[in-house]
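1. Pasting the sequence and the predicted model now:
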Amino acid sequence: MKNLVGIVGTNSDQSTNRMLLQFIQKHFKEQANIELCEIKDLPPFNKPKDRKAPEEVHNLAKKIQNADGVIISTPEYNHSVPAALKSALEWFSYTNQPLIDKPVMITGASYGRLGSSRSQTHLRQMLDAPELKARIMPSSEFLLGFSLQAFDDDGNLKDENKIKELQDIFNDFIHFVDITNQLVSAKKSNQESVKYFSWELNK
């Protein structure tokens, strides 16, 4: 049984991305233990002189480090990810760096037709940055458009085709987690090279 962290990629109290992760948590409970984590209580990123993360950031980073993999569900604001999600990633990159070599699956829900496709592309670019270096599952994206109408009163997805699509992607992710963690265990070069990376030292 895999232990995964699901990150709600917004600080909004009313988010269909939270609903999507809650559905994933419930629907795949026989395959993985998925702990849902919020970023809405994290302070805005403010470069710490000692490079130490605030307690809230540290606690979330620890959960990510201990997990087999991470699912991030992001909405799309102005063709990009929410500021709160970018701020959380900035904390991670500048302090604990818990996403280095961590298998990541990206999902997204939006009110419109495209289902956060642009923000997912942007998120992939950010997760590939030198001090994040996540292992993002390739050639896959789960896009939930018209998300306000996508769930029934019990929080379940109504479209059977979307459920089947999500099942296929999630099954691929479970295999991706196994393969990635085997690879990382055999070769630690990324962690060692990034461990001492600093923008200040490269100026």
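-> Perfect, I can see it now.
2. Beta-bridge partners for the most centrally placed residue in the chain, please?
-> Geometric centre of the chain, nearest residue: Ile72, 2.3 Å, by Cα atoms, centre = their mean. Beta-bridge partners recorded for Ile72 (DSSP bridges): Ile7, Ile106.
3. Relative to Ser93, how far out is it?
-> 14 Å (Cβ to Cβ, to the nearest Å). Just so you know, the C-beta spots here come from the backbone N, C-alpha and C atoms, and that holds for glycine as well.
4. Give me the buried positions along the helix with the most length in the chain.
-> In the chain, with assignment by DSSP state H, the single longest helix is helix 160-186. Within helix 160-186, the residues scored as buried using 16 or more other Cβ atoms under 10 Å are 162, 165-166, 169-170, 173-174, 176-177, 180-181, 184.
5. how far is it from where the chain is centred?
-> Centroid separation for helix 160-186 versus its chain: 14 Å, with Cα atoms, centre = their mean, to the nearest Å.
6. elements contacting it?
-> In terms of contacts (3 or more Cβ pairs under 8 Å, 6 or more residues apart in numbering; DSSP states H and E), helix 160-186 is packed against strand 2-8, helix 16-27, strand 69-73, strand 103-109, strand 135-136, strand 142-144.
7. Quick one: closest of these to Asp152.
-> Minimum separation from Asp152 across those (Cβ to Cβ) falls at helix 16-27, 10.2 Å.
8. Looking at the closest one now, give me its mean pLDDT.
-> Predicted confidence along helix 16-27 averages 95 (mean pLDDT).
9. for stretch 87-99, same thing?
-> Stretch 87-99 comes out at a mean pLDDT of 93.
10. how much space between the closest residue to His79 other than its chain neighbours and Leu85?
-> Nearest residue to His79, sequence neighbours excluded (Cβ to Cβ, 6 or more residues apart in numbering): Arg118, at 4.5 Å. Using Cβ to Cβ, Arg118 is found at 14 Å from Leu85.
11. Check Phe146 too.
-> For Phe146, the distance to Leu85 - Cβ to Cβ - is 22 Å.
12. Between the two, which has more neighbouring residues?
-> With neighbours defined as other Cβ atoms under 10 Å, Phe146 and Leu85 compare such that Leu85 has more, 27 against 15.
13. So that one lies in a strand, does it not?
-> No. Read with DSSP: H, G, I helix; E, B strand; the rest coil, Leu85 is helix and lies in no strand.
14. wait, isn't it in contact with Gly9?
-> Yes. Leu85 lies in contact with Gly9 (Cβ atoms under 8 Å); the separation is 4.3 Å.
15. so what sits against both of these two?
-> The overlap between the contact sets of Leu85 and Gly9 (Cβ atoms under 8 Å, 6 or more residues apart in numbering) consists of 39, 72, 74, 123.
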